[in-house]
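In: Only the shape, not the letters, is given here:
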Ligand code: GDP
């Protein structure tokens with residue numbers, strides 16, 4: 001009793017009292033964990049073993065406290081975003097808390113992009129989205145934490161930029177920050193036991209410190225929930241159906257004007273106006289069901305079939321699922337219509353199209369990445 005135990009997944013102080021708070025672990029799991037020296041909180045346990053996202057109640061207040069502590073440090077900030085969901089990766093107010101510290105922007109989940117993608121264009125896109133959020137990265141890196149792609153390169157970039165300073169790794173939940181930290185731990189130290197935990201004084205937040213050779217450290221900070229992520233609109237099972245975890249195989253559709261594609265029931269794409277028989281390339285989860293129909297019937301069709309033929313959402317989630325919001329674009333060059341967190345559609349120059357995504361999910365246009 002009275003002994004403080006930290007989750008080795010997220011660093012939270014383990015507690016057995018309140019299911020809805022950071023660090024909750026059932027007593028039996030805690031006992032088991034202590035016995036084999038690996039205590040995970042329930043949230044990390046579920047994430048690791050069931051691929052299931054449990055929202056953590058980290059209040060905005062606590063998060064702001066954490067960020068303001070970073071502002072007062074002299075450190076390098078490694079800001080991890082999901083390449084596939086850049087808008088859903090934005091940390092509200094981060095630019096105010098960066099201070100004079102350099103930011104290394106890391107785009108994670110590179111493994112899901114097809115090889116034909118030009119990484120320089122992806123970097124430009126990330127930089128541009130960061131700039132729009134008031135952040136000017138000192139450098140941009142693209143990695144796959146999961147398949148261990150470019151992680152050694154990233155460590156090189158970190159070492160160059162940190163110049164003897166501490167490193168703070170920040171990111172919203174689900175961007176793969178924990179997976180990346182795990183890779184870094186493997187490569188940088190090779191020894192799991194080197195992870196020590198400590199806390200920001202005056203906050204309830206916990207962090208994981210990874211010691212570096214020169215006595216400095218890499219600090220993993222807790223994530224904050226970004227409500228605009230698709231992850232928060234769908235259940236774990238549904239999320240699996242729309243989130244690619246393997247390299248995307250592009251799917252080409254020859255469309256005539258006034259035709260519509262439904263991407264399950266989570267998104268819709270209309271070819272509104274332009275020449276006959278244009279090729280449109282879809283970059284979405286490889287098994288996501290795509291249905292082609294006439295634009296004029298599409299809205300009725302959706303209402304009739306969402307939750308059954310057009311799924312996800314599943315029937316039981318239809319009532320809570322946000323309505324699809326329409327965003328229209330006219331192209332003057334080959335472009336991508338980006339449905340943040342869901343994928344994108346490459347469209348030719350000189351067309352009018354509309355992308356629909358659940359309310360709260362951003363739909364944007366960018367120069368084609370291919
Ligand atoms: P955190 O909340 O930011 O710490 O995110 P996690 O590390 O728990 O990862 C969130 C989800 O993204 C998990 O399902 C991971 O398997 C997945 N993920 C993490 N990194 C990658 C990656 O590089 N590629 C792919 N395809 N998935 C990843």
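Out: Happy to help now that I have it. Bear in mind that the values here come from a model prediction, so they are computed numbers and not experimental data.

In: mind showing which ranges of the stretch 51-200 of the chain have poor pLDDT?
Out: Low-confidence segments of the stretch 51-200 of the chain, defined by pLDDT under 70: 51-62, 188-200.

In: ok, now with 90
Out: 51-73, 87-88, 90-100, 164, 170-200 (pLDDT under 90).

In: so how many other residues sit close to residue 122?
Out: 18 (other Cβ atoms under 10 Å). Where you see a C-beta, it was placed from the backbone N, CA and C, and this is true even at glycine.

In: for it, helix, strand, or coil?
Out: Assigned by DSSP: H, G, I helix; E, B strand; the rest coil, the conformation of residue 122 is helix.

In: What separation do you get for it and residue 314?
Out: Between residue 122 and residue 314 the computed distance is 32 Å (Cβ to Cβ, to the nearest Å).

In: mind giving me the domain split of this structure?
Out: By the assignment in automatic domain parsing, the chain contains the domains 1-52, 60-226, 236-367.

In: quick one: which of those is nearest the ligand?
Out: Taking Cβ to the nearest ligand atom as the criterion, domain 60-226 is the member of these that comes nearest to the ligand, at 2.8 Å.

In: wait, is residue 355 part of a strand?
Out: Yes. Using three-state DSSP, the secondary structure at residue 355 is a strand.

In: Report the contact partners of it.
Out: Taking Cβ atoms under 8 Å, 6 or more residues apart in numbering as the criterion, residue 355 is in contact with 267, 268, 269, 326, 327, 329, 337, 338, 339, 345, 363.

In: my guess is the fourth one contacts residue 356, does it?
Out: Yes. A contact is recorded between residue 326 and residue 356 when judged using Cβ atoms under 8 Å, the distance being 5.1 Å.

In: Where does residue 180 sit, in terms of helix or strand?
Out: In this structure, residue 180 sits in helix 177-188 according to DSSP states H and E.

In: how far is that helix from where the chain is centred?
Out: Its chain's C-alpha centre and that of helix 177-188 lie 16 Å apart, by Cα atoms, centre = their mean, to the nearest Å.

In: From the contact counts, what lies against it?
Out: Counting contacts by 3 or more Cβ pairs under 8 Å, 6 or more residues apart in numbering; DSSP states H and E, the secondary-structure elements packed against helix 177-188 are strand 102-108, helix 151-162, strand 166-170, strand 206-211, strand 217-220.

In: Reformat the ones you listed as JSON lines; add distance to residue 260 and mean neighbour count.
Out: Rendered in JSON lines, the data for the helices and strands packed on helix 177-188 read as follows (distance: least, Cβ to Cβ, whole Å; neighbours: other Cβ atoms under 10 Å):
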{"stretch": "strand 102-108", "distance to residue 260": "31", "mean neighbour count": "24"}
{"stretch": "helix 151-162", "distance to residue 260": "41", "mean neighbour count": "17"}
{"stretch": "strand 166-170", "distance to residue 260": "39", "mean neighbour count": "22"}
{"stretch": "strand 206-211", "distance to residue 260": "47", "mean neighbour count": "20"}
{"stretch": "strand 217-220", "distance to residue 260": "44", "mean neighbour count": "24"}
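
In: can you list those in CSV and add distance to residue 136?
Out: Rendered in CSV, the data for the helices and strands packed on helix 177-188 read as follows (distance: least, Cβ to Cβ, whole Å):
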stretch, distance to residue 136
strand 102-108, 7
helix 151-162, 13
strand 166-170, 16
strand 206-211, 25
strand 217-220, 22
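
In: Same list (these) but as a markdown table, adding distance to the ligand.
Out: Listed next are the helices and strands packed on helix 177-188 as a markdown table, based on distance: least, Cβ to the nearest ligand atom, whole Å:
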| stretch | distance to the ligand |
| --- | --- |
| strand 102-108 | 5 |
| helix 151-162 | 9 |
| strand 166-170 | 10 |
| strand 206-211 | 11 |
| strand 217-220 | 9 |
